[in-house]
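Participant: give me the fold of what follows.
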Amino acid sequence: MSAPRRHAVVAGAGIGGLTAAVALHRRGWRVTVCERAPGPTAVGAGIVLAPNALRAFDAIGFDATRAGGRTVPAAMGLRRPDGAWLNRADTVALTARYGRPPLAVHRSALADALAAELPDGTIRYASTVTTVDDAVGAAGRPVVRTAAGDLEADLVLAADGIHSPLRRRYFPDHPGLRYSGETAWRTVLPASGHGAGADTAETWGRGQRFGTVPLADGRTYVYATAVAPEGHRPADVRAELLRRYGDWHDPIPALLERIDPTAVLQHDLYDLAAPLPRFHHGRLAWLGDAAHAMTPNLGQGGCQAVEDAVVLAHLLDPGTAHDAQDVPAALAAYSAARCARTDAIRVRARRMGRVAALSHPLAVTVRDLALRAAPAFATYRAMDEIIDGFKLPARRE
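Facilitator: Numbering: from 1, shown residues only. Alright, predicted model coming up:
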């Protein structure tokens, strides 16, 4: 009689948690995903999957274009509020350098495509993980406590987001999150038929930014950031955005006029104040924002969650982790493979945010001149470290 399949419980059905579930399922694990939301939801905005995330998806045989993604068009880069380009990247050159261009998708479509790869019943909605008890089950397996009942597992993955309760419990002395000084608004506009937002671009002003990303079905993902007090919530979102960005270059004013205020998400931007000492504890591992929350300034938060999930599953392959006793060693290898890389990107994102958020007129002028003068090779070299830095580590023998 064959041995029972090992069981993994994933706390959180975000992009990282679902990618981990798919990767482990394809390696023969039985997976249960516990999600606190009451059911599948369309909440969310866009995400641009950089080539490193697409390579990670390739490693588990998942085609991200199933989510209806669109290749980022040729015009992409940074602009000033008057519309002048500060820095521009050529998608053709990016494709030649990295093997593929970035892919813009709606987060909910990507989540749906990942969920479709899992057996029915894998995702348990309205099932919040309240805690994990170490080594109390049969053969010393951890027990996951949820409002819907307890689950015994060989492996527990904490993909429970930026405010991760499991991170707070297991790292009580960690300083937690740090407010970046900026708040962000995000939404997806329906297709208009007028071609507005045809470029993928981010416009930098004085302490304010505005970005547009066209999606495959004609919709446009738009986002904005501004230096603001923590917790700032304007009573009239459209009026606030028009006040801040309404006199910026086309098509920003037209996009703002089409915003549905009830569909705008606003979140203050945080990252971890310090790196976690490790991403594992026994048979419990952290990934994504729960492990290394970072600001979105490099567009790598979701991409690094995908990398985490793929590396973790790779190291837990049944060919090298033969039984439950091998799981802690595999998770230690995961920590070793991921901690330094993700923290370096977290720090770079924080620094980039500080530059983007400059508001003093002289500082902004110097920043913009430096961006315009930067040669293309310098931009690519900086990107190389992130995109080419994704590698699957050697498995344990």
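Participant: what's near enough to touch residue 206?
Facilitator: Listed by CB atoms under 8 Å, 6 or more residues apart in numbering, the contact partners of residue 206 are 358, 359, 360, 361, 364. C-betas here are computed from N, CA, C, even on glycine.
Participant: assumed it was part of a strand.
Facilitator: No - checked against DSSP: H, G, I helix; E, B strand; the rest coil, residue 206 lies outside a strand; its state is coil.
Participant: and it, what pLDDT?
Facilitator: pLDDT, the model's per-residue confidence, is 98 for residue 206.
Participant: can you give me the helices for the stretch 51-200 of the chain?
Facilitator: Counting by DSSP state H, counting those that start in this stretch, one finds helices in the stretch 51-200 of the chain at the ranges 51-59, 91-98, 107-115, 165-170.
Participant: between those helices, which one is closest to residue 225.
Facilitator: Distance to residue 225, taken as CB to CB, is lowest for helix 107-115 among the helices of the stretch 51-200 of the chain, at 17.6 Å.
Participant: send me that closest one as PDB with only the CA atoms.
Facilitator: The C-alpha trace of helix 107-115 is given here as PDB (Å, rounded to 0.1, in the frame of the first residue of the first chain):
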ATOM      1  CA  ARG A 107      -4.800  40.500 -10.000                       C
ATOM      2  CA  SER A 108      -8.100  38.800  -9.700                       C
ATOM      3  CA  ALA A 109      -7.700  37.200 -13.200                       C
ATOM      4  CA  LEU A 110      -4.300  35.800 -12.200                       C
ATOM      5  CA  ALA A 111      -5.700  34.500  -8.900                       C
ATOM      6  CA  ASP A 112      -8.600  32.800 -10.800                       C
ATOM      7  CA  ALA A 113      -6.200  31.200 -13.300                       C
ATOM      8  CA  LEU A 114      -4.100  29.800 -10.500                       C
ATOM      9  CA  ALA A 115      -7.100  28.600  -8.500                       C
END
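Participant: for it, name the packing helices and strands.
Facilitator: In terms of contacts (3 or more CB pairs under 8 Å, 6 or more residues apart in numbering; DSSP states H and E), helix 107-115 is packed against helix 15-25, strand 46-49.
Participant: try 10 Å
Facilitator: helix 15-25, strand 46-49, strand 103-106, strand 177-189, helix 301-315 (3 or more CB pairs under 10 Å, 6 or more residues apart in numbering; DSSP states H and E).
Participant: may I see the buried residues of the first one?
Facilitator: Right, the one you point to is helix 15-25. Judged by neighbour count using 16 or more other CB atoms under 10 Å, the buried positions of helix 15-25 are 15, 16, 17, 18, 19, 20, 21, 22, 23, 24, 25.
Participant: just the CA trace of that helix, in PDB.
Facilitator: Only the C-alpha atoms of helix 15-25 are listed here, as PDB (Å, rounded to 0.1, in the frame of the first residue of the first chain):
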ATOM      1  CA  ILE A  15      -0.900  35.300  -5.500                       C
ATOM      2  CA  GLY A  16       2.000  33.800  -3.400                       C
ATOM      3  CA  GLY A  17      -0.200  31.400  -1.500                       C
ATOM      4  CA  LEU A  18      -2.000  30.200  -4.700                       C
ATOM      5  CA  THR A  19       1.300  29.800  -6.600                       C
ATOM      6  CA  ALA A  20       2.700  27.700  -3.700                       C
ATOM      7  CA  ALA A  21      -0.400  25.600  -3.700                       C
ATOM      8  CA  VAL A  22      -0.200  24.900  -7.500                       C
ATOM      9  CA  ALA A  23       3.600  24.200  -7.300                       C
ATOM     10  CA  LEU A  24       3.100  21.800  -4.400                       C
ATOM     11  CA  HIS A  25       0.100  20.100  -5.900                       C
END
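Participant: tell me what that helix is packed against?
Facilitator: strand 7-11, strand 30-34, helix 51-59, helix 107-115, strand 123-124, strand 155-158, helix 289-292, helix 301-315.
Participant: hang on, the earlier thing: any chance of the helices of the stretch 51-200 of the chain in a markdown table, with mean pLDDT and mean neighbour count too?
Facilitator: Below are the helices of the stretch 51-200 of the chain laid out as a markdown table (pLDDT from 0 to 100; neighbours: other CB atoms under 10 Å):
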| stretch | mean pLDDT | mean neighbour count |
| --- | --- | --- |
| helix 51-59 | 96 | 22 |
| helix 91-98 | 84 | 15 |
| helix 107-115 | 93 | 21 |
| helix 165-170 | 96 | 18 |
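Participant: sorry, back to before: now the buried members of the contacts of residue 206.
Facilitator: In these, burial by neighbour count holds for 358, 364, counting by 16+ other CB under 10 Å.
Participant: with that, I have no additional questions.
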